[in-house]
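Colleague: Sequence below, structure please.
(one chain, ligands or ions: 1)
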Amino acid sequence: MPATQTTSHFAMQPAPDSLAFALNNAARALAAVRAGTALPAALTALFAEIDVPAARGAIQDIAYRTLRALGRADALLAALVRKPPPAPVANLLTCALALLSDEPESAIYTPFTVVDQAVCAANVQPATRPMKGLVNAVLRNFLRSRATLLAQIMHDPVARWNHPRWWIDEVRTAWPIAWEEILSAGNTHAPLTLRVNQRRSTVAEYLDVLHTAQIPAVAAGPSAVRLLRALPVERVPGFMQGVVSVQDASAQRAAPLLEIRPGMRVLDACAAPGGKTGHLLELAEIDLVALEVDQARAMRIEQNLSRLQLMATVCIGNASSPDEWWDGRLFDRVLIDAPCSGSGIVRRHPDIRWLRRPADLAALAREQQRMLAALWPLLKPGGELVYATCSIFPIEGERQAQWFEGKQQDAVRLSAPGQLLPSTALPGCASNTDDRDGFFYARFRKQ
Ligand SMILES: C[S@@+](CC[C@H](N)C(=O)[O-])C[C@H]1O[C@@H](n2cnc3c(N)ncnc32)[C@H](O)[C@@H]1O
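Modeller: Residues are numbered from 1 along each chain as shown. Model (predicted):
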């Protein structure tokens, strides 16, 4: 929700519902991301400190918008100043420039409001107050030369695509035809896609419920419904009762791919927060072990399952070291939804691209291979393993599948979606249901 403008330039603290307050705190979140913290963690820490629930929406919105436009906003700032200002001033200006340089149709504040409130924001912080004149001058200069400056920085790929240079190069090399679409999709706002719990309803029935509640939505897959306007989950009909869960259409492909039948013993090897765990349990009565290495994240599996009123054995352990947690009973099915770069879900997590480093890809690929090698022996003969990543980089997808097939003589590769590239529906368009994150799926049967 847009913040209002109730601050005066002379106030020592901006009102918590002012844009100035939101800008200052979004700039702090940006500083934390630049220092290596994931945006959700940075916002959680910030919200705990400032404890102003009413301001959260605006701070979060500005922080996410800024990270989606960081390449452009940083390039604009560099073009507008002779030498880089101190970090607190630069971060405030970056947030303001990200808002001011948004496409006019997606702008949420008038240019005057952004400039006025950015100056107010600078005025209340000791670190930025001496430079409030600079803040004013830079933003006004931008507005005066907007078109020229935007055209000028578009020659820089980082400014144009809002991704780091190495990332752009990786995408371009892997997908020489689709690379521009992929990068553009990464800068869009992800829709709210729901999975209908087939134990409780159907897509058609649930669309009727939404229609009655005057919530526009479309079918987006066998169990998927996409809302045409996002809502807080508490206001999504049936969410709290477990009738639906939030899950992207691509992620919804995992559980059906395992072709589970009642009574099967199934391992979900990287389970938190439990999206695919819940889906598997909705599909059949199975004996499911949900494994997760991170204890805090494992608690989210329990919370999700309790909302869905479903049961699994949640186990804390490392998928690459089964000796530490496995009871020796073989599985009919194994799902490895492996830790990865997250390059397929950057529209939901715009900080990921700025946090990852090129060397991360090889390290993640080695970890994925360790998991594949360690978990294959846990599968019964005739059993099946699904390997998934929310990545668009072949090193975490097709190349891993080929490596595994080559190495594991008793593995037969079965049909699977392979690489799903991210795609975006036209805003508000009911006919285009093809809106999804990037994902990779491979499936193997043990001979
Ligand atoms: C892509 S996420 C899984 C998402 C989940 N399957 C879902 O659908 O909600 C990967 C998860 O694997 C966990 N993880 C990372 N390394 C692991 C390991 N060695 N063993 C088990 N879990 C691991 C991470 O903590 C993270 O929760």
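
Colleague: mind giving me the domain ranges of the protein?
Modeller: The record's domain parsing of the chain by automatic domain parsing lists 19-161, 191-247, 253-446.

Colleague: And those domains: which comes nearest Glu181?
Modeller: domain 253-446 (7.5 Å; CB to CB). Bear in mind the C-beta positions are built from the backbone N, C-alpha and C, glycine included.

Colleague: Spell out which residues of the protein are next to the ligand.
Modeller: Within reach of the ligand by CB under 6 Å from any ligand atom, the chain has these residues: 270-276, 291-294, 297, 318-320, 337, 339.

Colleague: Now list the buried members of the residues you listed.
Modeller: 270-276, 291-293, 318-320, 337, 339 (16 or more other CB atoms under 10 Å).

Colleague: Is it correct that Ala230 is in contact with Leu192?
Modeller: Yes: if you go by CB atoms under 8 Å, Ala230 and Leu192 touch, sitting 4.5 Å apart.

Colleague: which of these two has more neighbours?
Modeller: Leu192 (18 against 11; other CB atoms under 10 Å).

Colleague: where does the nearest residue to Gly238 once chain neighbours are set aside fall, phi/psi-wise?
Modeller: Residue nearest to Gly238 in three dimensions, not counting chain neighbours: Val244, with 5.3 Å by CB to CB, 6 or more residues apart in numbering. The phi/psi pair for Val244 (degrees, to the nearest 10) reads phi -140, psi 160.

Colleague: who's Val244 bridged to?
Modeller: Beta-bridge partners of Val244, counted by DSSP bridges, are Val196.

Colleague: got a list of what it touches?
Modeller: 194-197, 201, 206, 225, 236-238 (CB atoms under 8 Å, 6 or more residues apart in numbering).

Colleague: what about 10 Å?
Modeller: Listed by CB atoms under 10 Å, 6 or more residues apart in numbering, the contact set of Val244 reads 193-197, 200-201, 206, 209-210, 223-225, 233, 236-238, 308.

Colleague: Give the buried subset of these as a ChimeraX selection command.
Modeller: Selection of buried members from the contacts of Val244 for ChimeraX, criterion 16+ other CB under 10 Å:
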select :193,194,195,196,197,200,201,206,209,210,223,224,225,236,237,238,308
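
Colleague: Identify those among the contacts of Val244 that sit within helices.
Modeller: Under the assignment DSSP state H, the contacts of Val244 contribute 206, 209-210, 308 to helices.

Colleague: so can I have CSV of the residues you listed showing distance to Glu367?
Modeller: Converted to CSV, those look like this (distance: CB to CB, whole Å):
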residue, distance to Glu367
Tyr206, 38
Val209, 42
Leu210, 40
Leu308, 29
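
Colleague: gap between the two ends of stretch 186-204?
Modeller: 30 Å (CA to CA, to the nearest Å).

Colleague: cool, stretch 173-186 as well?
Modeller: 17 Å.

Colleague: Pull out the buried residues from it.
Modeller: Buried residues in stretch 173-186 (16+ other CB under 10 Å): 174-175, 178-179, 182-183, 185-186.
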